[in-house]
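Q: missing the sequence, but the structure's below:
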């Protein structure tokens, strides 16, 4: 009986330490809020690497650096990390977060689609078609990631599409 009590006494603090550790690592990311809009998410953790994600309007060919043809598997990993950060509360725990924040470039009614290029037919600035992972942002949270890559014209400017924007991924500094 005393061994069980000892296990319970030791197990509770161990679980507490694990929970605090998980919360601290989940909160390592940070929102970039500018002019009342989320311009980016810093320090998104992907397999031990940290990435910054910025949101922008434009076309694939104008928004991305010359020679880029997509992010490959990193596109889906970043999308999943953004979704996980919303689900585990890391996004809403950021001190800059507030209800109703929209993403920079999102003028849609209630939700927006974030395009994260996986691969393209050609490279920026002359790609023809690009295939993207789509992340849905709605009611202040990243809500879902489409299971299928969607093709679109790489010269289409999302400034003319109020509910779509691009995500640019860079290694964190």
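A: It's in. Please read all numbers here as calculations on a predicted model, not as lab measurements.

Q: quick one: what helix or strand has the residue nearest the centre of the chain in it?
A: Nearest to the geometric centre of the chain sits residue 82, at 3.5 Å (CA atoms, centre = their mean). Assigned by DSSP states H and E, residue 82 falls within helix 73-87.

Q: that helix packs against which elements?
A: Under the contact criterion of 3 or more CB pairs under 8 Å, 6 or more residues apart in numbering; DSSP states H and E, helix 73-87 touches strand 37-46, strand 49-56, helix 90-93, strand 111-121, strand 129-138, strand 141-145, strand 164-171. All C-beta atoms are positioned from the backbone trio N, CA, C, and that covers glycine.

Q: for residue 30, which of those is the nearest?
A: Among these, the nearest to residue 30 by CB to CB is strand 37-46 (4.7 Å).

Q: partner strands of that closest one and their direction?
A: When pairing is defined by DSSP bridges, strand 37-46 lines up against strand 30-34 (antiparallel), strand 49-56 (antiparallel), strand 102-103 (parallel).

Q: thinking again about what came up before, give me the nearest residue to the residue nearest to the centre of the chain, chain neighbours excluded.
A: residue 142 (4.4 Å; CB to CB, 6 or more residues apart in numbering).

Q: contact partners for that neighbour?
A: 82, 83, 85, 86, 91, 114, 135, 136 (CB atoms under 8 Å, 6 or more residues apart in numbering).

Q: re the thing from before, how about the helices and strands packed on helix 73-87 in CSV, adding distance to residue 77 and mean pLDDT?
A: Shown next, in CSV, are these (distance: least, CB to CB, whole Å; pLDDT from 0 to 100):
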stretch, distance to residue 77, mean pLDDT
strand 37-46, 5, 95
strand 49-56, 9, 96
helix 90-93, 16, 92
strand 111-121, 10, 95
strand 129-138, 9, 95
strand 141-145, 10, 93
strand 164-171, 9, 96
